[in-house]
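give me a 3D structure for the following:
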Amino acid sequence: MRRLFKVLLPVLILAMGVGAFQILKSTKSEQASPTVQERIWRVEVEPVERITASPQLELYGRVETPDLLRAAASAAAWVAEVRVQDGDVVAEGEVLLRLDERDFRPRIAQVEAEIADLEAQIASEKNRAETDRRALEQERRLLQLARDAVARQQRLKTQQVGAEQALDDAKRSEAQQQLVVSNREMAIADHPSRLRGLEARLASTEARRAELQLELERATIRAPYEGIVTGVEVTEGDQVSKGEVLVRLYATERLEVRARIPAPYQDELIAAATQGIALRARAMIGGESLTLRFDRLAGEADPSGVDALFEVEGEPGLVRFGQLLSVTLERPLREALIEVPFRAVYGSNRLYVVEDGRMHGIDVEPLGTRLGARGEERLLVRSDELEPGDALVTTHMPNAVEGLRVEIIGAEAADDAAGETGR
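Got it, this is the predicted structure:
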């Protein structure tokens, strides 16, 4: 009996536990399933407005000039005087530097002496030619007399009166006089050649004198135009060689800015230049705005783009040669553009508008930037899907997706919500 009780007790306890579980399960209260509510995100919007504007293009340029003077020494000399230093603003005609004139004048004096000698030789040659012409007349008469003497001796010999020796002497005299006349005629014939040779030497020496006088004139270096000195390479007492650069200067009125135009905008700029459209640009320098005007494109391009050259229309004193500038180019006018803040852009070309309380994504074509009414930089885009009055989301949402439920906030939230339209 006791053994039977030990066997049935565990079974009884297990049955009581199962029964209690069933009673608790059947008496449990029913709970309603929780409902999931969709979260609503609050965003700011601004109405879409189509405008006609000039997209801006940010460029980086360098100040250059086609009139960069590198004044060099006209000849080997000593530097006598330096009147300017780097950074000086000089007027047209102002003396910059002088070379010692004593290094130039002895060479000029030597050439002038050569010219005087050649002029004397030319005068002597002309006198000689005149003397030869006069002497030739006399020598021809003497030749005729010698010929007459030969003829007379031949007659006498024929008459067997004259001697053979006398006839030979007469012929000898005739031959000698003939040689004298031939030499005189040759001297007269050579006179033009000798004269041209002397005159050529004289012209060469005079050209040399003009060259030396020009070197002397250029020993005093003056500013050819109003400009700014960019460097002085010598000081007083230096000895310089011919062609050595002494001072550098550029014209303030011929400054220009060279900036690289990216390849995607190259055709647009060429078309504007071909059509004669005046394109303006500006650069900010120390709080001052410098106005630039597109002048021309560089003659050489590469796959990255082409250089554009801008004339400085503002105050040229604001910039210096070689200065780097950030340039804002006003591109040609475009119609049907939409101006949006950068915070409204996702990626590089996607915006969101509010439709029926949800965000709807639209791909757009970025066309450039420009400064807004408050001075902030805004993006100009174009899209046929955007209509005037659409509520453009300007709050940047990190979790922005198509169909995200949103609520418009702001001072014009009520008007904006009432103006939402479906597509």
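
quick one: low-confidence ranges for this protein?
Under the criterion pLDDT under 70, the flagged ranges of the chain are 1-9, 11, 21, 24-36, 160-162, 410-423.

pairing partners for the lengthiest strand in it, with directions?
The single longest strand within the chain, with elements called by DSSP state E, is strand 288-302. The partner list of strand 288-302 in its sheet, established with DSSP bridges, is strand 280-285 (antiparallel), strand 305-312 (antiparallel).

what comes up buried for that strand?
The neighbour-count check on strand 288-302 (16 or more other Cβ atoms under 10 Å) flags L290, L292, F294, L297 as buried. For glycine as for every other residue, the C-beta is placed from the backbone atoms N, C-alpha and C.

distance between that strand and the chain's centre?
Centroid displacement of strand 288-302 relative to its chain, using Cα atoms, centre = their mean, to the nearest Å, is 9 Å.

stretch 380-395 now?
On the basis of Cα atoms, centre = their mean, stretch 380-395 is displaced by 41 Å from the centre of the chain it belongs to.

please apply the same query to stretch 104-116.
Worked out by Cα atoms, centre = their mean, stretch 104-116 lies 44 Å from the chain centre.

V95 touches R83, doesn't it?
Yes: assessed by Cβ atoms under 8 Å, V95 is found in contact with R83 at 5.6 Å.

how does this protein divide into domains?
43-53+334-418, 57-65+255-330, 77-100+220-250, 105-217 (automatic domain parsing).

relative to Q154, how far out is G61?
105 Å (Cβ to Cβ, to the nearest Å).

which of the two has more neighbours?
G61 (23 against 14; other Cβ atoms under 10 Å).

nearest residue to that one in space, please, no chain neighbours.
A259 (3.4 Å; Cβ to Cβ, 6 or more residues apart in numbering).

so what's that neighbour bridging to?
Beta-bridge partners, per DSSP bridges, of A259: G61, A308.

what's the burial count for it?
Other residues near A259 come to 23 when the count uses other Cβ under 10 Å.

ok, now which ones touch it?
Going by Cβ atoms under 8 Å, 6 or more residues apart in numbering, A259 touches L59, Y60, G61, R62, D307, A308, F310, V327, L329.

now do P106
Contacts of P106 (Cβ under 8 Å, 6+ apart): none.

what's downstream of whichever helix or strand it is part of, the next helix or strand?
Counting by DSSP states H and E, the element that carries P106 is helix 105-158. Next helix or strand after helix 105-158 toward the C-terminus (DSSP H and E): helix 164-217.

ok, back up a step: let's have the domains of the chain in a markdown table, adding distance to A71.
Shown next, in a markdown table, are the domains of the chain (distance: least, Cβ to Cβ, whole Å):
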| stretch | distance to A71 |
| --- | --- |
| domain 43-53+334-418 | 44 |
| domain 57-65+255-330 | 15 |
| domain 77-100+220-250 | 5 |
| domain 105-217 | 13 |
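
with respect to A20, which of those domains lies nearest?
When these are compared by Cβ to Cβ, domain 43-53+334-418 sits nearest A20, at 48.8 Å.

from the middle of its chain, how far away would that closest one be?
Counting by Cα atoms, centre = their mean, domain 43-53+334-418 comes out at 41 Å from the chain centroid.

same deal with stretch 158-175?
Distance, stretch centre to chain centre, for stretch 158-175: 94 Å (Cα atoms, centre = their mean).

contacts for that stretch next, please.
L143, A146, R147, A149, V150, R152, Q153, Q154, R155, L156, K157.

can you flag the buried ones in those?
Applying 16+ other Cβ under 10 Å to the contacts of stretch 158-175 flags L143, A146, R147, A149, V150, Q153 as buried.

most widely separated two among those?
Maximum distance among the buried ones among the contacts of stretch 158-175 (Cβ to Cβ): 15.9 Å, for L143 and Q153.

quick one on the thing from earlier: give me the contact list for the longest strand of the chain.
Residues outside strand 288-302 that contact it (Cβ under 8 Å, 6+ apart) are 256-258, 261, 266, 269-270, 272-273, 278-284, 306-315, 318-319, 325, 327, 329.

can you select the buried ones from those residues in ChimeraX?
Command for ChimeraX that selects the buried part of these, burial taken from 16+ other Cβ under 10 Å:
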select :256,257,261,266,269,273,279,281,282,283,306,307,308,309,310,312,314,318,319,325,327,329
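
distance between stretch 219-226 and the chain's centre?
Relative to the centre of its chain, stretch 219-226 is centred 24 Å away, using Cα atoms, centre = their mean.

just the endpoints, please. Distance across it?
20 Å (Cα to Cα, to the nearest Å).

do stretch 346-364 as well
10 Å.

buried set for that stretch?
So for stretch 346-364, counting by 16+ other Cβ under 10 Å, buried means L351, Y352, V353, V354, M359, H360, G361, I362, V364.

ramachandran angles for the last one?
Put plainly, it is V364. Main-chain dihedrals, V364, degrees, to the nearest 10: phi -130, psi 170.

and it, how far is that from A151?
Applying Cβ to Cβ to V364 and A151 gives a distance of 124 Å.

with the first one instead?
When Cβ to Cβ is the yardstick, L351 and A151 sit 128 Å from each other.

now the second one
Computed as Cβ to Cβ, the Y352 to A151 distance reads 134 Å.

if we can go back for a sec, among the domains of the chain, which is nearest M16?
Between M16 and the domains of the chain, the tightest spacing by Cβ to Cβ is seen for domain 43-53+334-418, at 54.8 Å.
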